[in-house]
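Participant: Okay, predicted coordinates and the sequence, questions at the end:
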Amino acid sequence: FAIIQPTSERDEIALDSALRTLVPLLILLPLMGTIIWLGIKRELQSVERLALKIDALVDGIPQALPDQTVPKELQGFMLAINHLLTRLHLLFMRQQRFIADAAHELRTPLAALSLQVQNLERATTLIEFKARIQPLKSGVERSQRLAEQLLDMNRSQVQPYAKHSLKLQSFILELLSLYWPAAEAKKQQLILHADDIILCSHAEALMLILGNALDNAIKYAPEHSNITLRVVIKDNDILIEVENQGSIQRPIEQVFEPFVRATDSDTLGNGLGLSIAKAAATQLQATISLDNTSHNERVVFTLKHPKGNC
């Protein structure tokens, strides 16, 4: 059987079907758009409140944001922001504590210098003058050393170090020559175990790190003792160790903080050397550590420096 249908009737049927489909959509689309807009606006209100809270933290010390009801898709971002704010809070608190400690450490020698100058003015004879000028010289040296260390710490934290190739053995021999008189004054012997290795590093930063390690070793080690500096190659790192006789009377994690000294001895020092060394090592992508071995009889300072290529 062959069925013939006029084209006009087919067009009428198609138009009717299209209208039946299109008219409900035209009615539903604005309604659906309104519902979606209201839902998104409601969800984003929590983000707007969060933005206001973040903006309110600009003038104060950063704090982790309180728990907020945010869309599930933004919870990971919220967690990352809180971690960042927590780190910033610790950094701000550390900087404030450092400034307060630095002010205190500077105030003490300056006050002592003022008293020593007044005491010097009351000297009536040359003998009294010479006797009273020695404490003044010591106070000036301590203040100068503290100022230099504060500048070194600031430089090591903000100055990027450009690395270059240097002969490690020659570098260490030059370093030892600088500290030889101080060791000789205490009848100490400096011992070196190092091969002629080419290291990609920064000479000034390396001098700052190892110089502080040697200075501490000489100051805190007893007289007639040995101070050993050795270089060890381990995997992809070069370990530079400074070992001396002595002990650490503070928890290891505390001695790297500014103005914290390893011992309670009367040895002249400000407790900044290891903090400066740590900051300089970080700039070199290196790490430093302390180990009080052999039943608190030996102290080993270790600089772990990557080999690298310049």
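Facilitator: That came through, no problem. Numbers count the residues shown, from 1 in each chain.
Participant: Let me know the secondary structure of the residue nearest to the spatial centre of the chain.
Facilitator: The centre of the chain sits closest to residue 279, judged by C-alpha atoms, centre = their mean, with a distance of 5.7 Å. Of the three states, residue 279 takes helix according to DSSP: H, G, I helix; E, B strand; the rest coil.
Participant: okay, it: pLDDT?
Facilitator: On the pLDDT scale, residue 279 is placed at 82.
Participant: ok, so what distance separates it from residue 122?
Facilitator: 43 Å (C-beta to C-beta, to the nearest Å). C-beta: built from backbone N, CA, C; applies to glycine.
Participant: ok, now residue 46?
Facilitator: 72 Å.
Participant: if you count what's nearby, which of the two comes out ahead?
Facilitator: Counted by other C-beta atoms under 10 Å, residue 46 and residue 122 do not tie: residue 46 has more neighbours, with 15 against 9.
Participant: Show the average pLDDT along the lengthiest helix in the chain.
Facilitator: Ranked by residue count under DSSP state H, the longest helix found in the chain is helix 7-56. The average pLDDT within helix 7-56 is 78.
Participant: Kindly spell out which helices and strands sit in contact with it.
Facilitator: Helix 7-56 sits against no helix or strand, with contacts defined as 3 or more C-beta pairs under 8 Å, 6 or more residues apart in numbering; DSSP states H and E.
Participant: How far away from the center of its chain is it?
Facilitator: Counting by C-alpha atoms, centre = their mean, to the nearest Å, helix 7-56 is centred 53 Å from the centre of its parent chain.
Participant: Same check on stretch 210-222?
Facilitator: 22 Å.
Participant: ok, now which ones touch residue 227?
Facilitator: For residue 227, the contacting residues are 183, 188, 189, 190, 191, 214, 217, 218, 221, 242, 243, 244, by C-beta atoms under 8 Å, 6 or more residues apart in numbering.
Participant: Which residues belonging to the helix or strand containing it are considered buried?
Facilitator: Using DSSP states H and E, residue 227 sits within strand 226-234. Residues 227, 228, 229, 230, 231 are the ones in strand 226-234 that count as buried (16 or more other C-beta atoms under 10 Å).
Participant: swap in stretch 283-293?
Facilitator: 283, 284, 286, 288, 290, 292.
Participant: try stretch 36-52
Facilitator: residue 50.
Participant: Repeat that for stretch 119-133.
Facilitator: residue 132.
Participant: for stretch 7-22, same thing?
Facilitator: With the criterion 16+ other C-beta under 10 Å, stretch 7-22 contains no buried residue.
Participant: Can you list the residue ranges for helices in the stretch 201-310 of the chain?
Facilitator: Here the stretch 201-310 of the chain has its helices, by DSSP state H, counting those that start in this stretch, at 203-220, 273-283.
Participant: how close does residue 224 get to residue 244?
Facilitator: 12 Å.
Participant: Between the two, which is the more surrounded one?
Facilitator: Taking neighbours as other C-beta under 10 Å, residue 224 and residue 244 compare with residue 244 leading, 23 against 10.
Participant: the strands in the stretch 51-200 of the chain, which residues?
Facilitator: Counting by DSSP state E, counting those that start in this stretch, the segments of the stretch 51-200 of the chain that form strands are 164-167, 189-193, 198-201.
Participant: now, of those, which is deepest in the fold?
Facilitator: Burial of those is given as mean neighbour count (mean count of other C-beta atoms under 10 Å); strand 198-201 ranks first at a mean of 19.
Participant: Show residues contacting that strand.
Facilitator: So strand 198-201 is in contact with 163-168, 171, 206, 238, 284, 305, 307-310, going by C-beta under 8 Å, 6+ apart.
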